[in-house]
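Engineer: Take a look and give me a structure for this.
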Amino acid sequence: MTPAGWTRSCAARLEAARPGVALLALAACGVARPAGAPATADTEIGAMARAASAERVERDVAALVAFRNRNTCGTGVERARAFVAARFASLGLRVLEDEFEAPCAAPVKRHSVIGVLPGRDPTRLVLLGGHYDSRTVDRNDGTSDAPGANDSGSQTALVLEAARLMAGHAYETSVAFVAFAGEEQGLLGSKSVAAHLATLFPGATLEAMLDCDIVGGDKTANDDLGLRKYRLYAPGAPRETGKDTPDGPTDGTSPSRLLQRYIALTSRAYVPEMEVVAMRREDRPGRGGDHQPFIDLGLPGVRFIETYETLAHQHSPDDVLAYVTPAYTARMTAVVVSSLASLARAPRPPRGLVARRETSRVSLAWERAPVDHWIASIRVIGSPASWSVVVDRDHAATSFDLGALRPPLYVTVQAVSGGHASLYAPEWRCDDATCAVPITPADVVRKL
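Structural biologist: Predicted structure coming up:
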């Protein structure tokens with residue numbers, strides 16, 4: 001199905017576009033792709049994704065399990081901290097530590113460990129995180145067995161493997177790889193890092209936060225089909241966080257949902273064997289993760305997690321290496337690396353997007369910037385239908401002939417440089433009469 005206005009020849013459509021606007025309907029002109037998919041495949045990123053190693057993942061999970069207990073209130077977490085810091089340093093990353101106080105029986109100082117890969121533009125930053133502390137039944141028990149193979153050995157191994165794969169390559173933005181402590185006591189480490197962003201990364205603006213938590217592929221819950229999928233949580237605006245809060249509607253948008261959409265489309269181009277299950281809420285009902293303190297600041301954040309969980313193997317002595325699937329975590333690493341590296345090589349999103357509803361069209365305009373070209377996209381609510389058009393680099397406007405399409409619908413734009421598409425500009429929602437920005441900054445942080 002294509003909008004009626006796109007059934008004409010390419011030349012006719014270009015003629016019909018507003019003067020000075022190069023409008024190319026990809027689906028009808030031989031370069032069809034899902035709306036917002038990468039402009040080109042980056043062979044270097046593809047090689048990174050393919051190099052993700054199940055053997056290295058398994059060795060790292062085994063090394064973390066060997067500490068026996070990595071509870072923030074114990075001493076094993078300090079040995080794990082040194083292990084992670086040494087790995088980051090061995091990759092040539094700049095190693096930082098963020099200190100916070102944990103309210104154990106006697107308050108203790110603990111640290112999140114950060115490895116920084118500098119980009120060409122020090123004012124831009126993307127962040128990949130996962131906590132490295134573990135727990136048993138009592139969340140402050142620092143002595144009993146808490147092997148934490150899946151929660152949190154798998155995500156720590158993923159962060160370390162992602163850092164290894166991405167180190168030594170060039171990026172536009174800086175990339176921070178973060179192993180948080182204190183997650184099991186209430187997201188202490190990620191709350192502290194979020195509060196200290198300006199101190200840890202002076203002059204940089206965080207553009208996206210990717211959190212991994214429980215990505216081991218528990219083999220007692222996931223069959224072969226489950227091990228080829230993953231859940232990706234992203235809240236709407238307001239955020240679906242309450243235990244009894246239903247999932248968000250399809251007629252919604254937020255910075256996190258746009259990041260979720262970007263990851264789903266980008267990773268599919270590099271790791272087609274892994275299927276994303278997009279979840280329209282911040283996390284599982286009544287649960288939470290280290291992406292949340294960053295969403296509290298109005299920033300885009302998502303959580304990666306295995307398809308099916310085994311609760312009996314969480315927060316217990318039974319979270320052991322025998323239950324995880326290192327090959328699954330390696331595939332998850334490929335998904336994350338392809339998404340993160342693409343973000344890190346992309347330009348900034350377009351600024352100043354304005355949409356206007358006309359009789360049978362939606363017109364868009366935005367601020368110009370030195371990019372290769374732009375991609376404008378439209379998605380229809382309640383339908384999988386979506387389309388993209390390319391707009392010439394020297395112009396910053398286009399329009400869609402809606403034809404038989406019926407609003408409501410959403411429109412947005414991406415910038416493309418060097419074959420890499422940016423994150424999306426904030427979406428506009430268009431109904432039968434008008435277009436408007438559907439959410440406010442207050443909506444982005446408000447919880448349901």
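Engineer: after the helix or strand of the chain with the lowest mean pLDDT comes which helix or strand?
Structural biologist: Across the helices and strands of the chain, the lowest-confidence element by mean pLDDT, DSSP states H and E is strand 23-25, at a mean of 29. The first helix or strand that comes after strand 23-25 along the chain, using DSSP states H and E, is helix 43-50.
Engineer: Quick one: low-confidence residue ranges for the stretch 1-150 of the chain.
Structural biologist: Scanning the stretch 1-150 of the chain with the threshold set as pLDDT under 70 gives 1-40.
Engineer: where do the helices sit along it?
Structural biologist: For the stretch 1-150 of the chain, the helices defined by DSSP state H, counting those that start in this stretch cover 10-16, 43-50, 54-65, 76-90.
Engineer: what comes up buried for the third one?
Structural biologist: For helix 54-65, the buried set under the neighbour-count rule, 16 or more other Cβ atoms under 10 Å, comprises 54, 56-58, 60-61, 63-65. All C-beta spots, glycine's among them, are computed from the backbone N, C-alpha and C.
Engineer: which one of those is nearest residue 252?
Structural biologist: residue 57 (35.1 Å; Cβ to Cβ).
Engineer: Tell me if I'm right that that closest one and residue 159 touch.
Structural biologist: No. Counting by Cβ atoms under 8 Å, residue 57 does not reach residue 159; the two are 10.8 Å apart.
Engineer: want to throw the helices of the stretch 1-150 of the chain into TSV with distance to residue 173?
Structural biologist: TSV is the format used below for the helices of the stretch 1-150 of the chain (distance: least, Cβ to Cβ, whole Å):
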stretch	distance to residue 173
helix 10-16	34
helix 43-50	14
helix 54-65	25
helix 76-90	18
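Engineer: Let me have the buried residues of helix 54-65 in a markdown table, extended by distance to residue 92.
Structural biologist: Putting these into a markdown table (distance: Cβ to Cβ, whole Å) gives the following:
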| residue | distance to residue 92 |
| --- | --- |
| 54 | 24 |
| 56 | 17 |
| 57 | 21 |
| 58 | 24 |
| 60 | 18 |
| 61 | 23 |
| 63 | 20 |
| 64 | 22 |
| 65 | 27 |
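Engineer: sec struct for the residue nearest the centre of the chain, please.
Structural biologist: Most central in the chain under Cα atoms, centre = their mean is residue 210, positioned 4.2 Å from the mean C-alpha point. With DSSP: H, G, I helix; E, B strand; the rest coil as the basis, residue 210 sits in strand.
Engineer: contacting residues for it?
Structural biologist: By Cβ atoms under 8 Å, 6 or more residues apart in numbering, the contact list for residue 210 reads 126-129, 263, 291, 301-302, 304, 336, 339-340.
Engineer: Who is it paired with across the strands?
Structural biologist: When bridges are called by DSSP bridges, residue 210 pairs up with residue 128, residue 302.
Engineer: So it versus residue 323, what's the distance?
Structural biologist: 24 Å (Cβ to Cβ, to the nearest Å).
Engineer: try residue 74
Structural biologist: Residue 74 is 22 Å from residue 323, by Cβ to Cβ.
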